Every structure is written in C-alpha cells, then in structure tokens.
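A.B. asks: Build me a model:
(4 chains)
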There are 2 protein chains.
Amino acid sequence: MLARVSSAPTFRRLPRAVREQQMLDAAVKVFSRRGYHAASMDEIADDAGISKPMVYAYLGTKEELFVACLHREGTRMMQAIAGAAAPELPADERLWRGLRAFFGVVGAHRDGWAVLYRQARGEQPFAGEIATMRARLVEVVAGMLDHALRAEGREVGETDLEVVAYALVGATESLADWLADHPEADPEKTATRMMNAAWLGAGQLLHGATWRPPSA
Amino acid sequence: MLARVSSAPTFRRLPRAVREQQMLDAAVKVFSRRGYHAASMDEIADDAGISKPMVYAYLGTKEELFVACLHREGTRMMQAIAGAAAPELPADERLWRGLRAFFGVVGAHRDGWAVLYRQARGEQPFAGEIATMRARLVEVVAGMLDHALRAEGREVGETDLEVVAYALVGATESLADWLADHPEADPEKTATRMMNAAWLGAGQLLHGATWRPPSA
DNA sequence: GATATTGGCTACTCGCGCGTAACCTTACGC
DNA sequence: GCGTAAGGTTACGCGCGAGTAGCCAATATC
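C.D. replies: Numbers count the residues shown, from 1 in each chain, chains lettered A, B, ... in the order given. As a prediction, this is how the structure comes out:
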C-alpha cells in the first residue's frame, strides 16, 4: 500500500458531543435490529465508525448506553406530543394533534421507536423505565378523556377510564409499529386513520361515518 | 443426614410427555420474566425440577425450546379464538366472542402471553414467527370488517381495512398486557371494556353511549 | 515550539452460559 | 429374574462478548 502518503487527514478527530450522538445513532440502530442482548458493543462501535473503548469512555457500560438511547428517544417522543396537544384545546383536537405529532416522530425515527417499543419492554432492567413512560402517556390520555367527560357533566369510574386510555395508547402503538415496517406509508395519513378508528369506533365506521382532520 | 431410609421414591421418574410439559411450563415462566437471552437453560431446567441434559434430550437447543414455547402458547391462543368466533355470526357478536376467548386465554396463561407479546417480538429469529401469527389475526379481523361492510353494500380500500384491523388488534393486545399485570382484574370484564372502546369509539363513549354484552 | 489535554487505538482478561460426553439406575417386556 | 431401553445425573469444554490496561497522536494553549 503506497497510499500512506500523509496526504489528507482521512481519520478525522471529532469533538465529544458529535461523537456521542453518532454513537447513540449507531446504538439505536443496532439495538433495534438485534435486541439488547444480541447486540454487541463491538458492532455498535464499528457502526459508529469508532473503536470500542471510546464507547465505554463516553457512554459507559452497555446497560448505561441502552438507557441513554431510551432516554434520548423517549424524551424526544414525549416532548413532541406534549408540545402539540395543548391542554386548552377541545378533546378531539387534542387527540388529533397528539396523534399527528406521535406518528411524525415515529416516521422520522423508525428504529428509535423499535428500541422503545419492541426491545425495551421485555428486558428486565428497562421494562420499568418504559412502563413509567407509558404510564405517563396513559395518564395524559385518561386525563383528557376525564376532562371532556366532566365538561359534559358526566363521570366514569377510574378503572374504566384508565382501561380505555390503555386501549387507545395500545392501538396507536400498534399502528406505529405498522408504520415502522412500511417505509412507504405516510405518517400523516396513518394518524388520520388512527383518529378515525379511535374516535368513531368500528361500529360507526361500518355504518359509513368518517372523521376528517380540521383544515388547520 | 439420617433421612436416607429408602422409605419412599422421593425422586419420581415420569414419562416423557409429562416432563415435556413441565419443561415447557418452566421455560415459559423463565422466558417471560427474563427474556430470551437473559434466561439461562440452567434456570429453566432447575425450575422444571430436572437437570439440564434432559431439556436438551427432549426439547433440543435453547432456540428450539423457545420456538416450542411460542408454538404451544400461540396455537392455544389461535384455536381458542377461532373456536369462539364462528363466521356465520354477525360482526359485533363475532368480535365480542373473539375478544372474550382471547382475554380468557390471556387471563389463564399470563406468562404465556408475556412470552408471545413482550419477548418474541424483538428477538430476531422469532420476530418473523410472531409477525406471521399476528398477520393471520389481523387478516381475520379485516375479513370480518370487510364482510360486514359488503353486507351493507359498502366497500373500503384494502389498506384502510388492514390499518383499522391493526389498530383493533393492537388495542386488544395492549389491554391484554394490562390484564397480565393486574392479577386481580377480571378477563370477562376487560373484554367488555375492550368491546366498548373498539365498537363505539372514544367519541361515542364521551357522549354516554354504552355497548352491553348480549345475554348469552 | 514545548506541554497538557483530549481523541483514539490494539490487544488483552475473564466469566458466563450453551451444549455434551460419559456414566448411573429404575422399570418394563418376556 | 434378567436384559435393555428409557429416565436421569455430574462435570466438563469452549466460544463469545463485556469490559480494561496501556499506549499513541493530534490539537489547543501559552
């Protein structure tokens, strides 16, 4: 190999903040495809274009690295939703905006979603973390439903509320999963479909009812 | 230890079929708690009250053992649903019976459900298996919806149908997960709640509509 | 232009857990 | 009652991958 002519600094040295993001990107990618245990630190380092000790130096052990992924993807998600679904809006509007934000993020970061949803749920040290995030979401949705109910002077048992919220969140997650596996699908359209199913219900849909997004 | 008095055959030798089921029970239990990779064959063998080589002799490698678990729990599930939701019934009745069967099985085999839903989804060699099962379910639900639609002389795009079915299945799975984590909850009641959410939709529910199970 | 400091690497240790070899011992068939 | 298959065991080999020790090279700072 004569090519060793010190011509250009082919191997660039990058500041820590940049490398950390690259590593997190690589980690999310590998974790999403392989799962926590089957993913190897070597592969992650390799994918990030860096050597393994650097990963340990910056992000710590495998477990800490995974938590860092969870944290980044999780807060991204929660903030997008919280920012979109302002509390002063009417219930259907809030739901619609929340869904749109949610599917937007999933569409833009598909393997981030896969890590959160498919990988972290079962693995023991992390299941709790995810469950907490999910519980917060369910709580928000339940709160929204409750608010709308009270506005109509009605009231419903706490468990009933929680369960409906659970179903709503579950349906949404499931569609997100579908979206993650269908790269050609449009997040916005998926959100509309979800809104239809959630708001109207199968019975209504069968009788020809349709919900349409407000012309915002 | 004086207790070694050949009094009773404390160590019972059991026929293969029995031991296989015990092993599968143990495997499902351990896999559900730990996940595929973190579960050790030693722990499974231990939990089954048998030594490791027996597991290998009867059920094969770890991967084969996991597939066997998936297969047992999966067919149990699918058969219960198929047996309950007869095609000649009207759509809501079919949905209701299917849901009741589903939640019944989940309630009776909670960690079986956890293996199917929480563990097998992400792990690469098995995700396909699960996806196939799930796709069959979605197809059935979509078929049911389609049937009901045609009966009313209406028609809907294939993707729309598939997506609604996906949402329905996802919501149901999510509630199943809730059920798995709430040992005190009643499967039948959970099924009713799911039916309400699915059939009526959030919008209807907010306006006080209620769906009630037929007095069967 | 000397000297920290920060970015980066190669090459190792070591434990955990899958899978197996080799070996006992009940019980059933005849 | 005795051979033989079927039920069962202990104790090990061995590979893979997490984590580390020790060392080199740019860049920043004065």
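A.B. asks: Quick one: the helices in chain A, in order.
C.D. replies: Applying DSSP state H to chain A gives helices spanning A:16-34, A:41-47, A:52-59, A:62-84, A:91-108, A:110-114, A:124-151, A:158-181, A:187-206.
A.B. asks: So which of those helices is nearest residue B:62?
C.D. replies: helix A:16-34 (16.4 Å; C-beta to C-beta). To be clear about C-beta, it is placed using only N, CA and C from the backbone, and glycine gets the same treatment.
A.B. asks: CA atoms of the closest one as PDB?
C.D. replies: Extracted as PDB, the C-alpha positions of helix A:16-34 are listed here (Å, rounded to 0.1, in the frame of the first residue of the first chain):
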ATOM      1  CA  ARG A  16     -17.000  14.700  22.100                       C
ATOM      2  CA  ALA A  17     -20.600  15.900  21.600                       C
ATOM      3  CA  VAL A  18     -20.600  14.900  18.000                       C
ATOM      4  CA  ARG A  19     -19.200  11.500  18.600                       C
ATOM      5  CA  GLU A  20     -21.700  10.800  21.300                       C
ATOM      6  CA  GLN A  21     -24.600  11.500  19.000                       C
ATOM      7  CA  GLN A  22     -23.000   9.200  16.400                       C
ATOM      8  CA  MET A  23     -22.600   6.500  18.900                       C
ATOM      9  CA  LEU A  24     -26.200   6.900  20.100                       C
ATOM     10  CA  ASP A  25     -27.400   6.700  16.500                       C
ATOM     11  CA  ALA A  26     -25.400   3.600  15.900                       C
ATOM     12  CA  ALA A  27     -26.500   2.100  19.200                       C
ATOM     13  CA  VAL A  28     -30.200   2.700  18.400                       C
ATOM     14  CA  LYS A  29     -29.800   1.200  15.000                       C
ATOM     15  CA  VAL A  30     -28.100  -1.900  16.300                       C
ATOM     16  CA  PHE A  31     -30.300  -2.400  19.300                       C
ATOM     17  CA  SER A  32     -33.400  -2.000  17.200                       C
ATOM     18  CA  ARG A  33     -32.300  -4.700  14.800                       C
ATOM     19  CA  ARG A  34     -30.700  -7.200  17.200                       C
END
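A.B. asks: For residue A:136, list the residues it contacts.
C.D. replies: When contacts are counted by C-beta atoms under 8 Å, 6 or more residues apart in numbering or on different chains, residue A:136 touches residue A:78.
A.B. asks: Revised request: answer the last question for residue A:55.
C.D. replies: A:23, A:41, A:44-45, A:48, A:65.
A.B. asks: Give the buried residues for the worst-scoring helix or strand of chain A on mean pLDDT.
C.D. replies: Lowest mean confidence among the helices and strands of chain A (mean pLDDT, DSSP states H and E): helix A:187-206, at a mean of 85. Neighbour-count burial for helix A:187-206 flags A:187, A:190-206 (criterion: 16 or more other C-beta atoms under 10 Å in any protein chain shown).
A.B. asks: hmm, back to that, by mean pLDDT, show me the worst of the helices of chain A.
C.D. replies: Mean pLDDT per stretch puts helix A:187-206 lowest among the helices of chain A, at a mean of 85.
A.B. asks: Cool, thanks, talk later.
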